[in-house]
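Asker: Build me a model from this:
(one chain, ligands or ions: 1)
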Amino acid sequence: MRTEAQAVVIGGGVIGCSILYHLTKLGWSDVVLLERDELTSGSTWHAAANIHGLHDSTNISRIQHYTMTLYNALEEETGQSCGVFQPGSLYLAQTEEREHQLKLQAAKAKLYGMNFYEISIDEAKKLNPLVNYDGIRCVMYEPDGGNVDPSGVTNAYAVGARQRGAEIHRFTPVTATEQQDDGSWLVKTPKGDIRTKWVVNAAGLWGREVAALAGVELPLQPTEHQYFVTETMTDVAEHGSRLPSVSDRDGEYYLRQEGQGLLVGAYEKDMKIWAEEGTPLDFAHDLFPDDLERIEENMMNAIERLPAVGEAGIKRVINGPMIWSPDSNVLMGPVPELEGYFCCNGIIPGFSQSGGMGLMAAQWIIEGETQYDMFAWDMARFDTWATKAFTKARVQDQYAHRFAIHFPNEERSAGRPARTRPIYELQSEMGAVFGLNAGWEHPLWFADQPGTKDTNGFTRQNWWAPVGEECKMLRDRAGIIDISNFAKYRCKGPGAADWLNAVFANNMPKTVGRSCLTPLISKRGGIAGDFTVTRTAEDEFWVIGSGMAERYHKRFFKEVPLPEGTSFVSMTEAMCGFNVAGPKSREMLQQLTNTSLATEDFPFMRSAMIEVAGIEVLALRVSFTGDLGWELHCKSEDQLRLYSALLQAGQPFTAGPVGSRALMSLRVEKGYGSWSREYSPEYWPQEVGLDRLCKLDKDFLNKSAAVSALENAAREQLVLLHLDEADVSASNADATGGEPIFKNGEGIGRVTSGAYGYSVGMSLALGYVKNAGPGDVVDVMVLGRPHKATILSEPPFDADGAVLRG
Ligand SMILES: Cc1cc2nc3c(=O)[nH]c(=O)nc-3n(C[C@H](O)[C@H](O)[C@H](O)COP(=O)(O)OP(=O)(O)OC[C@H]3O[C@@H](n4cnc5c(N)ncnc54)[C@H](O)[C@@H]3O)c2cc1C
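Answerer: Sure thing, here's the model as predicted:
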């Protein structure tokens with residue numbers, strides 16, 4: 001066994017083997033995989049191993065598409081059979097919502113060149129005559145859908161990796177991972193130790209236990225999961241060709257051919273958590289006793305749709321464990337608090353995603369960044385607030401709703417509240433409907449009745465009109481927006497200015513009381529973040545960024561060493577904030593402070609520590625609404641007093657609370673981008689309109705990547721679109737993000753944010769397009785159907801910034 005390696009992968013399931021394979025494919029041959037038992041001995045060996053390409057998330061679709069096309073190539077390359085069957089998959093819609101979901105996916109498939117399209121019921125009958133198509137509204141066909149052999153695929157990755165120089169050691173459990181003083185790791189096993197720069201935790205069902213060896217706690221929880229295989233069925237045997245699989249998600253089961261019978265699996269409501277206190281170390285190639293009663297309801301749905309299933313005997317039942325994260329997406333990426341420790345755990349559709357996941361992991365480790373924005377999969381989206389109790393509740397909910405449609409703007413209530421601020425109770429009494437934001441309860445909108453909940457759907461929902469009232473109140477008078485969910489940091493010390501200048505692309509403010517906007521540049525020269533930096537003293541700055549990206553940004557901040565005597569500390573928990581904005585905001589706030597808020601004394605982009613209602617606040621003359629306004633940041637213990645004072649001061653102006661859904665609409669009216677939607681490492685500064693904030697006459701983090709990116713012409717451009725009112729009214733739906741954009745039938749881009757602009761009376765969308773510009777008329781695929789839209793030359797609200805600066 002090697003004693004040194006570039007990377008050591010722990011776990012020989014399908015994911016560990018794929019990561020090993022992709023590491024070698026990207027050029028690292030000095031890599032080792034350690035497996036405590038045989039390869040595949042966790043969840044991998046007993047999987048149904050269905051493969052699908054399309055997903056609601058564009059980047060997950062890309063990754064699944066890559067995986068589906070990889071298996072045949074892998075087989076050819078290694079000579080190891082992957083047992084690939086691709087008879088196609090039929091996706092059935094029983095409801096209008098499912099039809100919308102599938103049509104949207106079909107539109108995305110067309111944009112990204114993937115094979116997924118609508119077929120008629122007659123065509124579907126020819127492909128799979130066992131299905132009863134009564135009540136089916138539409139059928140989509142994915143010709144590449146099917147299934148693979150789990151052990152074949154895992155071994156093919158292993159063979160491919162070995163052929164490029166990797167070592168694989170079976171029956172070699174990792175018993176310790178110890179970080180050395182030089183940052184490298186000592187991976188300990190009974191057969192000897194290996195020193196490496198990178199530990200990769202791909203321990204599947206034991207992901208928690210292996211992470212704990214490095215002092216890391218992962219929010220993961222295993223569950224049981226079942227499928228059964230029928231005896232040989234004459235209808236199947238005599239069909240002549242392999243039947244396409246059936247995705248009847250409204251029926252909450254999956255189904256495909258296995259041998260001459262069928263395989264049916266289910267995500268039941270009455271789900272079962274397993275190994276809450278830890279996965280037993282002696283568990284391997286084991287299953288649980290059958291418990292078909294638990295999935296009876298799902299089985300009945302399958303029998304109703306394919307009556308032949310009810311007549312067949314059951315040959316085999318598989319009840320095995322799988323391990324979930326709180327949102328059922330993988331927990332992936334380097335642990336931000338450690339050097340050289342990579343996680344890839346909690347993967348549910350391992351066979352649909354193994355290839356893409358292995359490729360992304362290898363890119364991240366070797367090149368420092370993935371080609372796609374992986375934020376939705378980044379382990380940094382969770383932090384210590386995702387406790388065991390939260391994780392368990394979310395996993396129960398995710399499992400039981402695995403096949404439910406997850407609508408845009410949907411907020412699930414399981415496991416909440418996880419974190420609250422002092423004004424949570426008051427906001428609840430005021431009718432706040434909350435969303436989850438980096439663990440915090442955060443007001444989305446304010447209903448007339450406390451306890452009101454969101455309705456969900458692709459069309460306009462119960463919040464649409466009240467959010468409009470909030471927007472109009474703010475634009476006509478003033479509004480108070482809770483912005484405590486923003487990330488806040490204080491940088492203090494003699495080296496503060498130098499350090500911030502070395503991290504961020506823009507020049508930091510030279511004068512006390514000034515603020516600047518700045519991008520943070522990613523490894524490939526894209527946008528890793530957008531921040532407001534304010535100089536509050538010669539040696540002190542406040543940095544405000546996206547709350548949900550706080551742990552993600554840690555990885556960037558730690559790349560530049562802090563000068564001696566200078567600190568950079570998160571103040572997100574300790575501080576809360578409000579944005580008071582609107583034409584009456586100055587008058588309203590002036591009642592509460594002796595500091596003059598007149599433009600000549602407190603102009604746009606200036607800041608000061610001031611007293612508001614006797615409370616010390618950091619006041620910034622900025623507003624994400626695009627309106628006249630101030631951000632006020634106070635200590636958490638002062639939040640309730642400040643909020644009460646602001647609400648009272650608002651009364652004479654009939655100004656009141658405004659939620660984040662209204663903020664979304666207001667910022668879109670102004671054309672402002674937002675992190676993880678418009679701003680992502682996938683986009684270069686010139687594509688987002690942030691190139692002017694990259695100062696190339698100084699050094700900053702990833703500057704050379706920015707310089708290379710900026711040398712290129714923009715591949716796409718961020719634009720603001722106005723959707724045709726007649727089309728939008730007919731659908732009763734606005735764009736929400738992710739909708740493809742076509743011009744003369746050709747895919748030219750996608751929506752990143754959509755909202756109705758209540759104060760301008762326009763349905764709007766921000767999105768990236770190529771080969772199109774102001775005045776062009778395009779089709780935006782809201783609900784998967786074309787909606788005419790015009791690219792605007794300027795934002796409909798305050799295009800010249802007169803209101804903002806006024
Ligand atoms: C019943 C069932 C049906 C499924 N059907 C499908 C499907 O149709 N399609 C699909 O895509 N997915 C399906 N899955 C999910 C799929 O099985 C998983 O996504 C996938 O197997 C996860 O692989 P993994 O490599 O992450 O983990 P695992 O397979 O759990 O592998 C982890 C490996 O790490 C090893 N290990 C653990 N600790 C150590 C240590 N200390 N030292 C060394 N090695 C260690 C283990 O022995 C194990 O081999 C199904 C799962 C179940 C339970």
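Asker: Once you drop chain neighbours, what's closest to the residue in the stretch 51-200 of the chain positioned nearest to the ligand?
Answerer: Of all residues in the stretch 51-200 of the chain, the one sitting closest to the ligand is V174 (3.8 Å; CB to the nearest ligand atom). Every residue, glycine included, has its C-beta placed from N, CA and C. Leaving aside its chain neighbours, V174 sits nearest to I10 (4.9 Å; criterion: CB to CB, 6 or more residues apart in numbering).
Asker: and if you look at G88?
Answerer: Closest to G88 by CB to CB, 6+ apart is P244, at 3.9 Å.
Asker: Is it correct that that neighbour is in contact with V139?
Answerer: No - if you go by CB atoms under 8 Å, P244 and V139 don't touch, sitting 10.2 Å apart.
Asker: Quickly list what's touching both of these two.
Answerer: Common neighbours of P244 and V139, using CB atoms under 8 Å, 6 or more residues apart in numbering, are L90.
Asker: So which residues of the stretch 151-300 of the chain form strands?
Answerer: 167-169, 176-179, 185-189, 192-201, 221-230, 245-248, 253-258, 261-266 (DSSP state E, counting those that start in this stretch).
Asker: Restrict the last one to CA atoms and write it as PDB.
Answerer: Extracted as PDB, the C-alpha positions of strand 261-266 are listed here (Å, rounded to 0.1, in the frame of the first residue of the first chain):
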ATOM      1  CA  GLY A 261     -41.000  -9.100 -14.500                       C
ATOM      2  CA  LEU A 262     -41.400  -5.600 -13.100                       C
ATOM      3  CA  LEU A 263     -39.700  -3.700 -10.300                       C
ATOM      4  CA  VAL A 264     -41.800  -1.300  -8.200                       C
ATOM      5  CA  GLY A 265     -40.400   1.000  -5.600                       C
ATOM      6  CA  ALA A 266     -42.000   3.600  -3.300                       C
END
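Asker: Counting by contacts, list what that strand packs against.
Answerer: Counting contacts by 3 or more CB pairs under 8 Å, 6 or more residues apart in numbering; DSSP states H and E, strand 261-266 is packed against strand 221-230, strand 253-258, helix 296-305, helix 307-311.
Asker: elements contacting the host helix or strand of Y768?
Answerer: Here Y768 is covered by strand 762-769, with elements defined by DSSP states H and E. Contact here means 3+ CB pairs under 8 Å, 6+ apart; on that basis strand 762-769 packs against helix 660-670, strand 717-723, helix 725-731, strand 740-743, strand 746-757, strand 777-782.
Asker: and stretch 780-793, average pLDDT?
Answerer: What stretch 780-793 shows for mean pLDDT is 98.
Asker: and that stretch, how far apart are its ends?
Answerer: End-to-end span of stretch 780-793 (CA to CA, to the nearest Å): 17 Å.
Asker: Ok, stretch 44-63 next?
Answerer: Separation of the first and last residues of stretch 44-63 by CA to CA is 19 Å.
Asker: and if you look at stretch 566-580?
Answerer: First residue to last in stretch 566-580 (CA to CA) measures 32 Å.
Asker: So which bits of it are buried?
Answerer: 566, 568, 570-572, 575-580 (16 or more other CB atoms under 10 Å).
Asker: now the helices for the stretch 251-400 of the chain?
Answerer: Remark: helices assigned in the stretch 251-400 of the chain by DSSP state H, counting those that start in this stretch are 296-305, 307-311, 350-367, 388-400.
Asker: can you check the stretch 401-550 of the chain too?
Answerer: Using DSSP H, counting those that start in this stretch, helices in the stretch 401-550 of the chain cover 424-429, 464-476, 496-503, 550-557.
Asker: for these, which one sits closest to the ligand?
Answerer: Nearest of these (CB to the nearest ligand atom): helix 550-557, 22.2 Å.
Asker: can you give me the offset of the very next helix or strand once past that closest one from its chain's centre?
Answerer: Of the helices and strands lying after helix 550-557 in sequence (DSSP H and E), the nearest is strand 567-570. The chain centroid and the centroid of strand 567-570 are separated by 26 Å under CA atoms, centre = their mean, to the nearest Å.
Asker: list the contacts for S41?
Answerer: Applying CB under 8 Å, 6+ apart, one finds that S41 lies in contact with 12-13, 35, 284-285.
Asker: one more time with 6 Å, if that's ok
Answerer: Neighbour list for S41: 284-285 [criterion: CB atoms under 6 Å, 6 or more residues apart in numbering].
Asker: so how far is the ligand from it?
Answerer: 4 Å (CB to the nearest ligand atom, to the nearest Å).
Asker: helix/strand/coil for that residue?
Answerer: coil (DSSP: H, G, I helix; E, B strand; the rest coil).
Asker: Next one: it from D290, what distance?
Answerer: Going from S41 to D290 by CB to CB, to the nearest Å gives 21 Å.
Asker: And the pLDDT for the closest residue to the ligand within the stretch 701-806 of the chain?
Answerer: Of all residues in the stretch 701-806 of the chain, G738 sits closest to the ligand, at 22.6 Å by CB to the nearest ligand atom. With respect to pLDDT, G738 has a value of 95.
Asker: do the same with the one 4 residues further on
Answerer: F742 is assigned a pLDDT of 98 by the prediction.
Asker: Could you point out which of the helices of the stretch 401-550 of the chain sits nearest G626?
Answerer: G626 lies closest to helix 464-476 among the helices of the stretch 401-550 of the chain, at 9.6 Å (CB to CB).
Asker: For the closest one, buried residues please.
Answerer: Quick answer for helix 464-476 (16+ other CB under 10 Å): 464, 466-468, 470-471, 473-475.
Asker: same thing with stretch 278-298?
Answerer: Those would be 279, 283, 294-295, 298, for stretch 278-298 by 16+ other CB under 10 Å.
Asker: near the ligand, which of those show up?
Answerer: Among the buried residues of stretch 278-298, no residue sits close to the ligand (CB under 6 Å from any ligand atom).
Asker: What helices and strands are in contact with the longest helix seen in the chain?
Answerer: Longest helix in the chain, counting residues (DSSP state H): helix 58-78. Helix 58-78 sits against helix 150-163, helix 350-367, with contacts defined as 3 or more CB pairs under 6 Å, 6 or more residues apart in numbering; DSSP states H and E.
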